[in-house]
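Engineer: Need coordinates for the below:
(one chain, ligands or ions: 4)
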Amino acid sequence: EGLPPYGGCRMCLVEIEGAPGLQLACTSRVSDGMIVRTGTPEVVAARRAVLSLILANHSDRCLTCHRVVHCRPGDTCLRDNLVTHRCVTCSKDYRCDLQLACYMVGMKGYEPWLDELRTYYLTEPPPGDRANPFLEFDPQMCILCTRCVRACDEIRHTGAITLADRGWETHIAFGPGGAVHESNCDFCGACINVCPTATLMEKPNKWAASQIEDWVPTACAYCSVGCTISLGVKKG
Ligand code: SF4
Ligand code: SF4
Ligand code: SF4
Ligand code: FES
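Structural biologist: Ligands and ions are numbered 1, 2, ... in the order given. Predicted structure coming up:
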């Protein structure tokens, strides 16, 4: 919200009458008489295929599982004896944008990679950064959506996060690639707000389910800019 269209995820594919192939809704200009179809079999299949690519390097065992509706946070997986790599053991379970996207796109049972070896489960996860008291950075959960890079750069104008390296090696880095507290991060939390997965989490509340009852608009008193922020409150 508040940023120009970016077209990074390619999840908003639609059919626009008269236009070739499928188009991105977020970067298409609306015009008089335009006819847009959002639920044709071709559109649905393309969205699932795109999302399966995003899931290719993520802990996705729960996201495509046919039993997922039976599992609540803290449940033990009954599918097999490997209980790591699960939404049910993840701090973002039930408040996760990626989970929601999978539900909306209908990823249940969509596993074209079944019986293939998958790199995510075979490689050693990169180490997490828990060295500061505010923000936990767990790079193994990152889907490279770049929301955090854009929020830090284009909303906060801090530029503490970058996309480092290229191709398969591409990853999110703070500053030149060291610890978060050694970068120019202000710990404002904007990247935590936009991160769709459990990669960037507010440290004190990482394992607490959201208890916010209301949002109150106010101004941040941290510096002289006075950005508009919303405070989550409980019982006033
Ligand atoms: S970040 Fe979301 S999709 Fe990924 S394991 Fe955690 S709850 Fe599941
Ligand atoms: S918490 Fe740090 S890295 Fe995240 S948006 Fe704020 S300044 Fe940028
Ligand atoms: S850290 Fe979060 S917001 Fe940033 S690219 Fe990874 S998944 Fe996206
Ligand atoms: S490409 Fe359109 S919302 Fe991501």
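
Engineer: Can you report how many residues neighbour the spatially closest residue to residue 92 that is not a sequence neighbour?
Structural biologist: Counting by CB to CB, 6 or more residues apart in numbering, residue 198 is the residue found nearest to residue 92 once chain neighbours are left out, at 3.8 Å. The C-beta positions use only the backbone N, C-alpha and C, and glycine is treated the same way. Residues near residue 198, counting by other CB atoms under 10 Å, number 21.

Engineer: so residue 198 touches residue 95, yeah?
Structural biologist: No. If you go by CB atoms under 8 Å, residue 198 and residue 95 don't touch, sitting 9.5 Å apart.

Engineer: So which other helices or strands are in contact with the helix or strand hosting residue 104?
Structural biologist: Following DSSP states H and E, the helix or strand that holds residue 104 is helix 97-105. Helices and strands touching helix 97-105, by 3 or more CB pairs under 8 Å, 6 or more residues apart in numbering; DSSP states H and E, are helix 41-55.

Engineer: In terms of pLDDT, where does the residue of the chain most remote from its centre sit?
Structural biologist: For the chain, the C-alpha farthest from the mean C-alpha position belongs to residue 33; by CA atoms, centre = their mean, that distance is 34.3 Å. Looking at residue 33, its pLDDT is 96.

Engineer: Got the phi and psi for it?
Structural biologist: When read as degrees, to the nearest 10, the backbone of residue 33 gives phi 80, psi 0.

Engineer: how far away is it from residue 15?
Structural biologist: Residue 33 is 15 Å from residue 15, where distance means CB to CB, to the nearest Å.

Engineer: Is any residue of the helix holding residue 104 near ligand 4?
Structural biologist: No. Against ligand 4, helix 97-105 shows no contacts by CB under 6 Å from any ligand atom, the least distance being 10.2 Å.

Engineer: and that helix, is it in reach of ligand 1?
Structural biologist: Yes. Judged by CB under 6 Å from any ligand atom, helix 97-105 comes into contact with ligand 1 at 98-99.

Engineer: Show me which positions of that helix end up buried.
Structural biologist: 98-99, 101-102, 105 (16 or more other CB atoms under 10 Å).

Engineer: Give me the distance between that helix and the centre of its chain.
Structural biologist: 10 Å (CA atoms, centre = their mean, to the nearest Å).

Engineer: tell me the average confidence for it?
Structural biologist: According to the model, helix 97-105 has a mean pLDDT of 94.

Engineer: That one vs helix 41-55, what angle?
Structural biologist: Calculated by axes from the mean of the first three to the mean of the last three CA atoms, to 10 degrees, helix 97-105 forms an angle of 160 degrees with helix 41-55.
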